[in-house]
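*Asks:* sequence and predicted model, in that order:
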Amino acid sequence: MERTLGAMLPRQPTVHQQQARACGVRWRRSHHTLPVTGLHVTRGGLQAAALVVSCSLDRTAKLHSLAGQGDLLAAAQLPCAATCVALDAGEHAMYVGGADGAVYEFSLVGEVPAQQPQDLLGAAAGAGAAGLLEAGGATLRPCAVMAAQSRAVTALSVSVDGELLVSGES
């Protein structure tokens, strides 16, 4: 007798299926002026201090809290369109992929060194140096720029231990 996958699966909904049915849109905020190109959600849920990071073609990356009203905590500006975003597991660093092939690193803890990478200064037309954007919260300044690709960075992922950053291009 041949068994199909459907016959082997439980007929009663699992806990995960029940929770998925109860889920709905919980956050619908952008604060971006052009299309959003990347999202990253941290652990924690709505009652804990979960974070949402978004990036956009408007050359910004924005950090929001899911607690309360989804307040804007911090923002950063890049010298080019932001194409993807990732955080390390400890939520200490944010990595933003750029249309220029670079990966921009922003520290989410402590102070950023006063000496900014030279290629960031004055790169964002009309916005001063990259990373200098006034927001409802903090202003994030880049602490490193990595020339990752020859084309736009379209995917970023950080290993669980934070030791490896992997990027993909278009």
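*Replies:* Thanks, I have the structure now.
*Asks:* where do the helices sit along the protein?
*Replies:* 5-8, 15-22 (DSSP state H).
*Asks:* please save the CA atoms from stretch 149-160 in PDB.
*Replies:* What follows is the C-alpha trace of stretch 149-160 in PDB, where atoms were taken according to Å, rounded to 0.1, in the frame of the first residue of the first chain:
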ATOM      1  CA  GLN A 149      30.100  43.700  -5.300                       C
ATOM      2  CA  SER A 150      30.500  45.200  -8.800                       C
ATOM      3  CA  ARG A 151      26.800  45.500  -9.000                       C
ATOM      4  CA  ALA A 152      24.000  46.300  -6.600                       C
ATOM      5  CA  VAL A 153      23.900  44.300  -3.400                       C
ATOM      6  CA  THR A 154      20.500  42.500  -3.400                       C
ATOM      7  CA  ALA A 155      20.800  40.100  -0.400                       C
ATOM      8  CA  LEU A 156      22.500  40.200   2.900                       C
ATOM      9  CA  SER A 157      22.700  37.600   5.700                       C
ATOM     10  CA  VAL A 158      24.600  37.500   9.000                       C
ATOM     11  CA  SER A 159      25.600  34.100  10.600                       C
ATOM     12  CA  VAL A 160      24.100  33.400  14.000                       C
END
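*Asks:* quick one: mean pLDDT over that stretch.
*Replies:* Mean pLDDT, computed over stretch 149-160, is 91.
*Asks:* and what of stretch 99-106?
*Replies:* pLDDT averaged over stretch 99-106 equals 95, rounded to a whole number.
*Asks:* give the buried residues for that stretch.
*Replies:* Buried residues in stretch 99-106, counted by 16 or more other Cβ atoms under 10 Å: 99-106. (C-beta placed from N, C-alpha, C; glycine too.)
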